[in-house]
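A.B. asks: coordinates for the following, if possible.
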Amino acid sequence: MLTSTTTPDGHSLAEAMARIRRNRDRETEIFTATTDGSAKDRQTYDLNLAEYGRLLASAMTSIRRAMKKDAEAGRWIAFGRRHHDAPEEAIPPHYWPFLDIHMEEDSAKSHDLLFRGIRCLLAEEIPADHPILEQIHPQAPDTPPARAKPASADENRPVEEAAPPPTPITLYSGTQGRPSSVETLIMPELRRRAAAGIMEPSLARECQYLSQWLHATHPTAHQIKPASLENSLRQLYRELKSTPMKH
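C.D. replies: A predicted model of the protein is given here:
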């Protein structure tokens, strides 16, 4: 990431950071060799070091921003644990807009999410048939099956141009006969998560996740805040939590 991310002048961040560190070290050498340690010289030296520190911090911010963008696009996958007794799990790409990377702690967190012991893997290194990909990119419950191969009589037909992607459907709040985001999108996702054994241990945390999931995966749908979701999902959440998982 350091070598592939470039600065506005065309240099890689690795080169830029190395140059900043060299200049910082040179500043220290000059201060040590040529000054008498006066308060004025010390003040100038401290100001210069602070500026180099600011430049290095800015470079690291750029790195974290680029890493989050690539993680959200699925170019690399992170695995972590929510707490010390939890199993390791893949962090879904749509979590990353809400997470901050803390490299020094090997963690990714927000105000209500925390993954520790982060390990990373480039997506291109994962075999196409590996089951972990289903956990990272689960198939939507209403995804139609793949079209069957044409019969042999049709095999010589010219290949048609791919159909344009369907226009996103805007789902509303469910009033006046309009489709509901809760019933059409959120409840199926809650059932899928319960069946997969990844439902949050509390209703509040599950609603927080589902509200963020709806915003990230269905931005044109009617958005619902976690507190409002709790009222709509309380009964279903209790039923799913009390239903034994099938192994």
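
A.B. asks: when you work out contacts or count neighbours from here on, use the C-alpha atoms and nothing else.
C.D. replies: Fine.

A.B. asks: so where's the chain shaky on pLDDT?
C.D. replies: The model of the chain has pLDDT under 70 over residues 1, 7-9, 126, 130-179, 244-247.

A.B. asks: longest strand anywhere in it?
C.D. replies: Counting residues, the longest strand found in the chain (DSSP state E) is strand 114-122.

A.B. asks: what does that one contact?
C.D. replies: Applying Cα atoms under 8 Å, 6 or more residues apart in numbering, the external contacts of strand 114-122 come out as 75-83, 105-109.

A.B. asks: 10 Å instead, please
C.D. replies: The contact list for strand 114-122 (Cα atoms under 10 Å, 6 or more residues apart in numbering) reads 70-71, 74-84, 88-91, 99-103, 105-109.

A.B. asks: any idea how far W76 is from the residue nearest the centre of the chain?
C.D. replies: In the chain, the centroid-proximal residue (Cα atoms, centre = their mean) is W96; its distance is 1.9 Å. When distance is defined by Cα to Cα, to the nearest Å, W96 is 12 Å away from W76.

A.B. asks: swap in Q208?
C.D. replies: 25 Å.

A.B. asks: my read: G80 touches L113, true?
C.D. replies: No. Applying Cα atoms under 10 Å as the test, G80 and L113 come out as separate, 11.4 Å apart.

A.B. asks: before we move on, the earlier item: surely the residue nearest to the centre of the chain and A108 touch.
C.D. replies: Yes. Between W96 and A108 there is a contact at 8.8 Å, judged by Cα under 10 Å.

A.B. asks: list the buried residues of stretch 219-227.
C.D. replies: Under the neighbour-count criterion of 16 or more other Cα atoms under 10 Å, stretch 219-227 has A221, H222, Q223, I224, P226 buried.

A.B. asks: stretch 196-206 too?
C.D. replies: For stretch 196-206, burial by neighbour count (16+ other Cα under 10 Å) applies to M199, E200, L203, R205, E206.

A.B. asks: for G80 and L113, indicate the residue with more neighbours.
C.D. replies: Per other Cα atoms under 10 Å, whichever of G80 and L113 has more neighbours is G80, with 21 against 15.

A.B. asks: now that one, which residues is it bridged with?
C.D. replies: E89 (DSSP bridges).

A.B. asks: quick check: the gap between it and A108.
C.D. replies: Applying Cα to Cα, the value for G80 to A108 is 8 Å.
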